[in-house]
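Engineer: A predicted structure for the sequence below; I have some questions about it.
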Amino acid sequence: MTLLSIPITTREQLEKYYKDRVARECLLSPEDLDADHTDLAEKLTAIRTLQNMTAQALEETKALHRDAMKYAVGMTYGLSFEISGRLKGDTLQEIRADAEAIAPDFAPRQVMPIGSPEPVLRR
């Protein structure tokens with residue numbers, strides 16, 4: 001079988017035929033394909049790294065937002081900073097419900113003075 005009008009009998013003739021055809025049809029050579037593959041693999045690795053970093057940053061942002069909500073709700077209910085950090089829930093409603101449940105136990109209480117708040121004048 002011939003690819004051209006002349007028979008190809010040696011490997012050199014076959015390689016020359018394909019090189020000419022690649023040049024004529026603007027096809028990529030195997031070396032170009034390998035280079036493109038390597039370049040695409042590097043880009044894919046970079047994209048996956050950025051996706052992981054973005055996901056991690058999003059999780060950190062959500063955690064910071066949740067903590068900010070806990071402290072704001074805790075302060076609203078008169079809870080200390082330490083107790084506010086222990087509030088449970090991921091949504092504002094869940095955090096408020098937990099703060100309402102524990103506020104009577106941890107909120108500062110009014111302490112009645114032992115003696116009279118006014119000084120006693122002695123004569």
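Structural biologist: Nice, thanks for sending it over.

Engineer: Now the residue nearest in space to the middle of the chain: which helix or strand?
Structural biologist: Central residue of the chain (CA atoms, centre = their mean): residue 55, 2.0 Å from the mean position. Element membership for residue 55 (DSSP states H and E) is helix 30-76.

Engineer: Check which element follows that helix along the chain.
Structural biologist: helix 81-84.

Engineer: Give me the packing partners of that next one, helices and strands only.
Structural biologist: With contacts defined as 3 or more CB pairs under 8 Å, 6 or more residues apart in numbering; DSSP states H and E, helix 81-84 has these neighbours: helix 30-76, helix 92-106. C-betas here are computed from N, CA, C, even on glycine.

Engineer: so what's residue 90 up against?
Structural biologist: residue 66 (CB atoms under 8 Å, 6 or more residues apart in numbering).

Engineer: My error: substitute residue 20 in the last question.
Structural biologist: Neighbours of residue 20 in contact, by CB under 8 Å, 6+ apart: none.

Engineer: Quick one: distance of the host helix or strand of it to the chain centre.
Structural biologist: Element membership for residue 20, per DSSP H and E: helix 11-25. Helix 11-25 has its C-alpha centroid displaced from the chain centroid by 50 Å (CA atoms, centre = their mean, to the nearest Å).
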